[in-house]
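# I would like the atomic coordinates for the input below:
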Amino acid sequence: MTSKTLGRLIRISIVFLTLCGLFLCAYLVPHWSKGIIYSYPEFNHWFWPWLILAWLVALPCFFLLSLVWKWAGAVIQDTVLTLTTANWVKTGSRLLFIDAGILFLGNIVLLLLNMNHPGVFIILLVGDILLISFALIAEALSRYLTKASVISIPLGINQTLLGHYKPDKSFNN
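Alright, predicted model coming up:
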């Protein structure tokens, strides 16, 4: 698979992820929440706090998708090993850490306000662990992308830092 094909496929998947995320945030979560309230009217005052938390948790994810879109552009151009892409991945890592923080704090606040169930609390803690795990993986990837872009200078391919390096056909295997 060529870099152009891979980058385009990544961008297509980003479009679908964005559409799914918008559908989830704009329709599915509010619709499910209203269904729960219809069945259990005593939870009516929980609707807006939980919906706002869901939207706040979704925001960093959409910003992350915009960074992945840029990174896919670098894949298309075969310029992934640059300081710029390393910074995009590092920013993505920070967004994931922020998202984990928002989820954790929202989960705690809603628990303290008696608007959370212990089972939901535990499930969201697992979500926090997953977000932190992905953030750590992105942080490590960012570090090694930075090292790879700097190492390429002594090897005589300093064009990588400028984003102009194009490997010959033997590297596309």
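
# so, low pLDDT: which residues of this structure?
For the chain, applying pLDDT under 70 flags the ranges 152-173.

# from the chain's centroid, how far away is the top helix by length along it?
If you go by DSSP state H, the chain has its longest helix at helix 118-151. Mean C-alpha position of helix 118-151 versus that of the full chain (C-alpha atoms, centre = their mean, to the nearest Å) differs by 10 Å.

# now stretch 98-118
On C-alpha atoms, centre = their mean, the centre of stretch 98-118 falls 20 Å from that of its chain.

# go ahead and confirm residue 88 touches residue 70.
Yes: with contact defined as C-beta atoms under 8 Å, residue 88 and residue 70 form a contacting pair (5.7 Å). (Each C-beta comes from the backbone N, C-alpha and C, glycine too.)

# compare these two and say which is more crowded by neighbours.
Between residue 88 and residue 70, counted using other C-beta atoms under 10 Å, the more crowded position is residue 88 (22 against 12).

# please name the nearest non-neighbouring residue to the more buried one.
residue 67 (4.9 Å; C-beta to C-beta, 6 or more residues apart in numbering).

# the one you found: neighbouring residues, count only.
Residue 67 has 18 nearby residues by other C-beta under 10 Å.

# kindly report the same for residue 120.
With other C-beta under 10 Å as criterion, residue 120 counts 14.

# show me where this protein has its helices.
Secondary structure of the chain by DSSP H: the helices cover 3-23, 29-39, 47-76, 83-112, 118-151, 159-162.

# any idea which of those helices is most buried?
Most buried of the helices of the chain, by mean neighbour count (mean count of other C-beta atoms under 10 Å): helix 83-112, with a mean of 18.

# relative to helix 47-76, how tilted is that one?
Angle, helix 83-112 to helix 47-76, by axes from the mean of the first three to the mean of the last three C-alpha atoms, to 10 degrees: 170 degrees.

# run the chain-centre distance for helix 83-112.
Taking the mean of its C-alpha atoms, helix 83-112 sits 9 Å from the chain's own mean (C-alpha atoms, centre = their mean).

# who are the packing partners of that helix?
Where contact means 3 or more C-beta pairs under 8 Å, 6 or more residues apart in numbering; DSSP states H and E, helix 83-112 is packed against helix 47-76, helix 118-151.
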